[in-house]
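Peer 1: Sequence and predicted structure, then a few things I'm wondering about:
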Amino acid sequence: MNIKRAKEEIKTTIAAYLLKDAYGNYEIPSLRQRPIFLIGPPGVGKTQIMEQVARESQVGLVAYTITHHTRQSAVGLPFIRDKVFGNETYRVTEYTMSEIVASVYEKMESTGLKEGILFIDEINCVSETLAPTMLQFLQYKTFGNHKIPEGWVIVTAGNPPEYNKSVRDFDVVTLDRIKLIQVEPDFEVWKAYAYEHDLHSAVISYLNARPENFCRIETTVDGKFFATPRGWEDLSRFIQICERIEKTVDRDVVGEYIQFPKIAKDFTNYLHLYYKYQDDYQIDEILSGVIRESLCNKLNKAPFDEKLNVIGLLLSKLGQQFRAVADQADRTSLLMEELKKVSPETDSSLDESMIKRISILRKDWKEAWDKKREAGLINRREDYLSRDVEVILARYEETLGNEDILDTNASWERIRELFKEENERYEKLLSDGGKALEHAFDFMEAAFMDGQEMVVFVTELNTGYYSVKFLKEYDCERYYQYNEKLLFKDREDELRSRIDSLGK
């Protein structure tokens, strides 16, 4: 299955394992909760999804790569203590608490989260001395003499033997005690993730043109060559930073991330052309409504790679605007829900002045989000939005203080005026994004009419996380027209294919 489906399977399993009965006991007792074992190629996203699963399930996460551990750190150190058996005193070897088990308890103490995920990576690559301990861990959920606390779900991951010579095969007894999920790379799933997390458009458009290079791992007489989804994402982030500090990304830099010389060379050439097309086609001008016939004719006659690159540039710029709209929408929504708590209409019995209410609201907001941040329950976007709301509340508090508005109703009216500015900012961003999208369609129609390039453009709009959100708010007639044509064409092609297969 692909990584998206695997993520949903893990979330479902966690929800099932943490479900309690009327007496507060887990419906599936801890001993019967099979540890999850994710197995798949390196770089496919096995480790990365665990943070997402923990956040979305609102549980804690403790992660370890087991190959970094010795038997002592995993099991604990031995010590001698006296014990009495049958009126006789004996010296008995016991073990201190495992570092891993202790980390679970420390996580519970620091975050207040009593339930969570214990994630152990590279579980099938442990040393020979640690292997029996790992089998005991999978079967009985203990490290040494210490059990994993109830409410903590065990998830493990590893690579198949063809990718790692250190892999140890599990026997049937162990395999029969785990929940096995096999993960395969899937470019379309990764692409949706790439749009949502604003990966570099050159990487997305390159892999659109050459999806076979998305995940390639080969062993030859000259060594191991590989390009992985993780490599493409890390390279994308580095390119974005290099652009900001005005540094050039050459073949050597690409090769540091994409360790497949042929692919690294091909992408480097593609990236250089990407920058050239960025200058040649002036995407900002196009989205502002300047459609040059000469550029349209030039692109119409260009090689398909060049067309894909320019479409990628258009989508990237649109994506930035669409994301700004989504951020403002979520920021405004969060702010509105908070302000409702201090509205005189919600509770007219509150004795504090409006400025005092806003001050308390801001402090409570900060405290709540600091706890979520500390517990790892929010992603970077949520973190930034929460900080933005805190800044806005502080500005409201300062405004009321500077303007010396004491009357509660007058203060509330001033807050409503200030909040209206946030709504107006959203409407402006939505309008500007709509105009940019319309101009993009103008350019695409002038260059390609309704050819296959338009199919690519509309298909990518359907794939992009923020473009989909935007199109739910902005009514773009041409998007729906072309989308309908595409659906009709897909159905027609499917029908023709069925007819042809019946005729054979």
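Peer 2: It's in. Residues are numbered from 1 along each chain as shown.
Peer 1: Pull the number of nearby residues for E188.
Peer 2: 12 (other CB atoms under 10 Å). The way it works is simple: take the backbone N, C-alpha and C, and place the C-beta from them, glycine included.
Peer 1: Mark out where each domain of this protein begins and ends.
Peer 2: Domain ranges of the chain: 3-184, 186-281, 293-478, per automatic domain parsing.
Peer 1: Please state the offset of the second one from the chain centre?
Peer 2: In terms of CA atoms, centre = their mean, to the nearest Å, the centre of domain 186-281 is found 19 Å from the chain centre.
Peer 1: ok so, going back, lowest-confidence stretch among the domains of the chain?
Peer 2: Lowest mean pLDDT within the domains of the chain: domain 3-184, at a mean of 83.
Peer 1: returning to what we had before: JSON lines please, covering the domains of the chain and showing distance to E484.
Peer 2: Output for the domains of the chain, formatted as JSON lines (distance: least, CB to CB, whole Å):
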{"stretch": "domain 3-184", "distance to E484": "27"}
{"stretch": "domain 186-281", "distance to E484": "22"}
{"stretch": "domain 293-478", "distance to E484": "10"}
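Peer 1: Is P41 in a helix, a strand, or coil?
Peer 2: Under the three-state scheme (DSSP: H, G, I helix; E, B strand; the rest coil), P41 adopts coil.
Peer 1: For Y163, grab the count of nearby residues.
Peer 2: Y163 has 16 neighbours, counted by other CB under 10 Å.
Peer 1: try the one 4 residues further on
Peer 2: If you count neighbours by other CB under 10 Å, V167 ends up with 18.
Peer 1: any idea how far T65 is from the residue nearest to it when sequence neighbours are not counted?
Peer 2: Excluding the flanking residues, the one nearest V167 by CB to CB, 6 or more residues apart in numbering is P161, at 4.2 Å. P161 is 18 Å from T65, where distance means CB to CB, to the nearest Å.
Peer 1: Could you do R5 as well?
Peer 2: Distance, R5 to T65, by CB to CB: 24 Å.
Peer 1: so is the residue nearest to V167 in a helix, a strand, or just coil?
Peer 2: Recorded secondary structure, P161: coil (three-state DSSP).
Peer 1: Repeat that for K276.
Peer 2: Relying on three-state DSSP, one would call K276 helix.
Peer 1: That one: neighbour count?
Peer 2: Neighbours of K276 using other CB under 10 Å come to 12.
Peer 1: I'd like to check which residues are in contact with E293.
Peer 2: Counting by CB atoms under 8 Å, 6 or more residues apart in numbering, E293 touches A446.
Peer 1: From E421, how far out is it?
Peer 2: E293 sits 41 Å away from E421, going by CB to CB.
Peer 1: and if you look at P132?
Peer 2: Distance of P132 to E421, computed by CB to CB: 65 Å.
Peer 1: go on, T228?
Peer 2: T228 sits at a distance of 46 Å from E421 (criterion: CB to CB).
Peer 1: neighbour count winner among the two?
Peer 2: T228 (22 against 10).
Peer 1: Counting neighbours, what do you get for the residue lying closest to the more buried one once chain neighbours are set aside?
Peer 2: Residue nearest to T228 in three dimensions, not counting chain neighbours: G43, with 2.8 Å by CB to CB, 6+ apart. Counted with other CB under 10 Å, residues neighbouring G43 total 22.
Peer 1: just checking, G43 touches R230?
Peer 2: Yes. The criterion here is CB atoms under 8 Å, and G43 meets it with R230 at 3.4 Å.
Peer 1: and I28, helix, strand or coil?
Peer 2: Following three-state DSSP, the label given to I28 is coil.
Peer 1: What is the burial count for it?
Peer 2: I28: 14 surrounding residues under other CB under 10 Å.
Peer 1: any idea how far it is from A15?
Peer 2: As defined by CB to CB, I28 lies at a distance of 11 Å from A15.
Peer 1: and what of Q481?
Peer 2: For Q481, the distance to A15 - CB to CB - is 41 Å.
Peer 1: hey, where'd the helices end up in the stretch 301-450 of the chain?
Peer 2: Taking DSSP state H, counting those that start in this stretch as the criterion, the stretch 301-450 of the chain carries its helices at 304-339, 354-375, 380-403, 408-448.
Peer 1: can you give me how far the shortest one is from the chain middle?
Peer 2: Computed by CA atoms, centre = their mean, the separation of helix 354-375 from the middle of its chain amounts to 26 Å.
Peer 1: Show me where the stretch 101-250 of the chain has its helices.
Peer 2: Assigned by DSSP H, counting those that start in this stretch, the helices in the stretch 101-250 of the chain fall at 131-140, 172-175, 187-196, 201-209, 229-244.
Peer 1: Can you spell out which helices and strands pack onto the second one?
Peer 2: For helix 172-175, the packing partners by 3 or more CB pairs under 8 Å, 6 or more residues apart in numbering; DSSP states H and E come out as helix 131-140.
Peer 1: Give the buried residues for the helix it packs on.
Peer 2: Residues 133-135, 137-138 are the ones in helix 131-140 that count as buried (16 or more other CB atoms under 10 Å).
Peer 1: Out of the residues you listed, the closest to Y105 would be?
Peer 2: Of all those, Y105 sits closest to F137, with 16.4 Å by CB to CB.
Peer 1: I'd assumed F143 was in contact with that closest one.
Peer 2: Yes. Between F137 and F143 there is a contact under CB under 8 Å: 5.9 Å.
Peer 1: Need the outlier residue of the chain, farthest from its centre.
Peer 2: What lies farthest from the middle of the chain is N87; by CA atoms, centre = their mean that is 60.4 Å.
Peer 1: Could you report the separation of that one from S316?
Peer 2: Between N87 and S316 the computed distance is 80 Å (CB to CB).
Peer 1: repeat for M354
Peer 2: When CB to CB is the yardstick, M354 and S316 sit 43 Å from each other.
Peer 1: Which one of the two is surrounded by more residues?
Peer 2: Taking neighbours as other CB under 10 Å, M354 and S316 compare with M354 leading, 25 against 21.
Peer 1: Contact partners for the more buried one?
Peer 2: Contacts for M354 (CB under 8 Å, 6+ apart) come out as 342, 400, 405, 408, 411-412, 415.
Peer 1: if I pick F457, what's in contact with it?
Peer 2: So F457 contacts 311, 314-315, 440, 444 (CB under 8 Å, 6+ apart).
Peer 1: relative orientation of the helix or strand hosting it and helix 201-209 in degrees?
Peer 2: Applying DSSP states H and E as the criterion places F457 in helix 452-463. Helix 452-463 runs at 120 degrees relative to helix 201-209, counting by axes from the mean of the first three to the mean of the last three CA atoms, to 10 degrees.
Peer 1: from now on call the first residue 661
Peer 2: Done: numbering now begins at 661, and the last item shifts to helix 1112-1123.
Peer 1: Next secondary structure after helix 1112-1123?
Peer 2: Counting by DSSP H and E, the next helix or strand C-terminal to helix 1112-1123 is helix 1125-1133.
Peer 1: Not counting residues beside it along the chain, what's closest to R694?
Peer 2: Excluding the flanking residues, the one nearest R694 by CB to CB, 6+ apart is K839, at 4.3 Å.
Peer 1: That's all I had, so thanks and see you.
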